[in-house]
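1. Predicted model and sequence below, questions to follow.
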Amino acid sequence: DSRTGWLQNAAVYQIYPRSFADGNGDGIGDLAGVRSRLPYLADLGIDAVWFSPWYTSPMADGGYDVADYRDIDPVFGTLAEAEKLIEEAHALGLRIIIDLVPNHCSSRHPWFAQALAAGPGSPERARFHFRRGRGRRGELPPTDWPSHFGGPAWSRVADGEWYLHLFAPEQPDFNWDHPEVRAEFEDVLRFWLDRGIDGFRIDVADHLAKYPGLPEVSHYPARNGDDVPWADQDGVHDIYRAWRGIADSYEGERVFVGEIWLGDTERFCAYLRPDELHTAFNFPFLGAAWDADALRTVIDRTFADHAPVGAIPTWVLSNHDVIRHVTRYGRADTRHSWAPVTEGVPVDLALGTRRARAAALLTLALPGCTYLYQGEELGLAEVEDIPADLLQDPRWPRSGFTDRGRDGCRVPLPWAGERAPFGFSPVGATVPPWLPQPVAWAGFTAQAQQGDPGSVLELYRAALALRRSELSPSGDEFCWLSAPVGMLAFTRGPGFTCLVNLGAGPVALPDHAEVLLVSGALTDTGRLPADTAAWLRTT
Ligand code: TEU
Ligand code: CA
């Protein structure tokens, strides 16, 4: 039963391997770097690590373009090293979730190379979506489908056919109606489950099945306002039922977390059935404005949606695709907090940091599974001044150089020292980190924060430790308390209260409450200031 499994209250830490720690000094993060930092992760108090893709890849989309699902990219290390890493993490009590990218592969995947060589009408092409183009000479894309990265979702090959790619042209979409595609991924699942992996994060989990015939958007019988022919098609659920059967046939609880951006909560929760995925990311929570009503609405909706299907609620504030939340919360206008930073909207990083600290206490006090993104525990902000010629995200060129993309949240982490690479690469490394780190990060290194009770790192460590010692695993005892406008207040049973002040001024704490943790200093009169959260032991 998923309600009793290890994921129920897990804090899962996302590692973006290129940017976590560089063991060999080539300026790119790798498995040796991760292995050297496993004690840091265990000490932080997390339960599991999710790795963004570590497979063999030309890195057209940071590894979300996979050329070999059964091997590790040489830039990151070897399969043997991954096996050691899994073993070492387990010995420290950390579980490992890996990213599975089943919607598309790399254009350098052997199957795609074979499809190109075999030509139109071949069985090799049937594993992908190849079509003749429109127009008199087939010079127009087969349909009007757009790529998520900008431009059409179709590219033309030398013999004149077009292939579908919902992301970059280097990421051809698989045809999930093809039995060999299904068999291949079931085998890939077993390959990693056999190596002790505890779970999978499924990339764009709702995109795999397409509406039959791939109709034009204008000819598609949409079921609601957001509905599109390339997402959330009913056939996708068969895939996950088969996968769940495989995962459940293994010892221990092997879990799935889906990346599903769907506005319709009923359709979203359809993935969270007992015979499909265990969890999916709570993107409405990530996207909510820093506003008590907005957050409370999302939290209530999350509980209401998850309870009937018995699924674990999840919480997330940042990941490798969005503006870091220190920056989002520091904007004067937080109504659409995950939208890209726009020119002319000022960012107040001191304010953003105060709110991010409070948000950490809110998120870590909620019942359910929490996802943390590397660097949020250091209080890192989005890096917004990466020189254009160093940007790597395919969204930058695909958008016609209008969308700076997601590199600003992917800058290599600062570990120690006064200047770049801030311990990201070993001493003596001559190659700089693959994205430049801000000078100001000297004050944000793990080393600088370690042992400083006012640091973001120590706030996360204290919160993660208290979460284990003070909060009951079931979460069933969650209850809102009445509170002034602008405040969020709830208990997790009689002994524990969380208060978050999103209002304008300070608020008095309840009498006879012991303060376990605060996200910022109380006022002289012991009140909780605006943009501050507290955990209290109440009797
Ligand atoms: O993201 C899928 C996705 O659709 C959203 O994250 C968003 O639309 C995208 O960031 C817009 O640029 C996943 C991965 O998390 C992302 O890193 C990959 O680039 C993408 O899939 C393709 O594999
Ligand atoms: Ca390296």
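-> Arrived safely, thanks for sending. Ligands and ions are numbered 1, 2, ... in the order given.

2. for the stretch 51-200 of the chain, what spans make up the helices?
-> 79-91, 110-118, 179-193 (DSSP state H, counting those that start in this stretch).

3. Show me the shaky parts of the protein.
-> Under the criterion pLDDT under 70, the flagged ranges of the chain are 1-4, 332-344.

4. For the protein, what lies in contact range of ligand 1?
-> By C-beta under 6 Å from any ligand atom, the part of the chain that sits against ligand 1 consists of 61, 64, 101, 148-149, 167, 203-204, 259, 320-321, 395. For every residue, glycine as well, the C-beta is placed using N, CA and C.

5. now these: which count as buried?
-> 61, 64, 101, 148-149, 167, 203-204, 259, 320-321, 395 (16 or more other C-beta atoms under 10 Å).

6. how close does the residue of the stretch 1-150 of the chain found nearest ligand 1 sit to residue 96?
-> Using C-beta to the nearest ligand atom, the closest approach of the stretch 1-150 of the chain to ligand 1 is made by residue 64 at 3.3 Å. Look at residue 64 and residue 96: by C-beta to C-beta, to the nearest Å, they are 19 Å apart.

7. what's the answer for residue 473, then?
-> 21 Å.

8. More neighbours: which of the two?
-> residue 96 (21 against 12; other C-beta atoms under 10 Å).

9. Cross-check the contact I'm expecting between that one and residue 46.
-> No. Using C-beta atoms under 8 Å, residue 96 makes no contact with residue 46, being 11.6 Å away.

10. Tell me which stretches of the chain form helices.
-> 31-36, 38-44, 79-91, 110-118, 179-193, 236-248, 265-269, 283-287, 292-309, 325-329, 349-365, 395-398, 446-449, 456-470 (DSSP state H).

11. which secondary structure elements does the first one contact?
-> Using 3 or more C-beta pairs under 8 Å, 6 or more residues apart in numbering; DSSP states H and E as the contact definition, the elements that helix 31-36 packs against are helix 79-91.

12. what is the orientation angle of the helix it packs on with helix 179-193?
-> Here helix 79-91 runs at an angle of 60 degrees relative to helix 179-193 (axes from the mean of the first three to the mean of the last three C-alpha atoms, to 10 degrees).

13. so how far is the first residue of stretch 470-477 from its last?
-> Stretch 470-477 has an end-to-end distance of 13 Å (criterion: C-alpha to C-alpha, to the nearest Å).

14. Pull the contacting residues for residue 229.
-> Counting by C-beta atoms under 8 Å, 6 or more residues apart in numbering, residue 229 makes contact with 145, 210-211, 214-215, 217, 220.

15. That should have said residue 445, apologies.
-> Applying C-beta under 8 Å, 6+ apart to residue 445 gives the contacts 378, 414-417, 422-423.

16. Pull the number of nearby residues for the residue nearest to residue 265 when sequence neighbours are not counted.
-> Leaving aside its sequence neighbours, residue 265 sits nearest to residue 305 (C-beta to C-beta, 6 or more residues apart in numbering; 4.8 Å). Neighbourhood size, residue 305 [other C-beta under 10 Å]: 18.

17. how far away is residue 305 from residue 298?
-> For residue 305, the distance to residue 298 (C-beta to C-beta) stands at 10 Å.

18. neighbours around the residue lying closest to residue 19 once chain neighbours are set aside, how many?
-> Leaving aside its sequence neighbours, residue 19 sits nearest to residue 412 (C-beta to C-beta, 6+ apart; 4.7 Å). A count of nearby residues for residue 412, using other C-beta under 10 Å, gives 30.

19. Quick test: name the residue nearest the centre of the protein.
-> residue 319 (4.1 Å; C-alpha atoms, centre = their mean).
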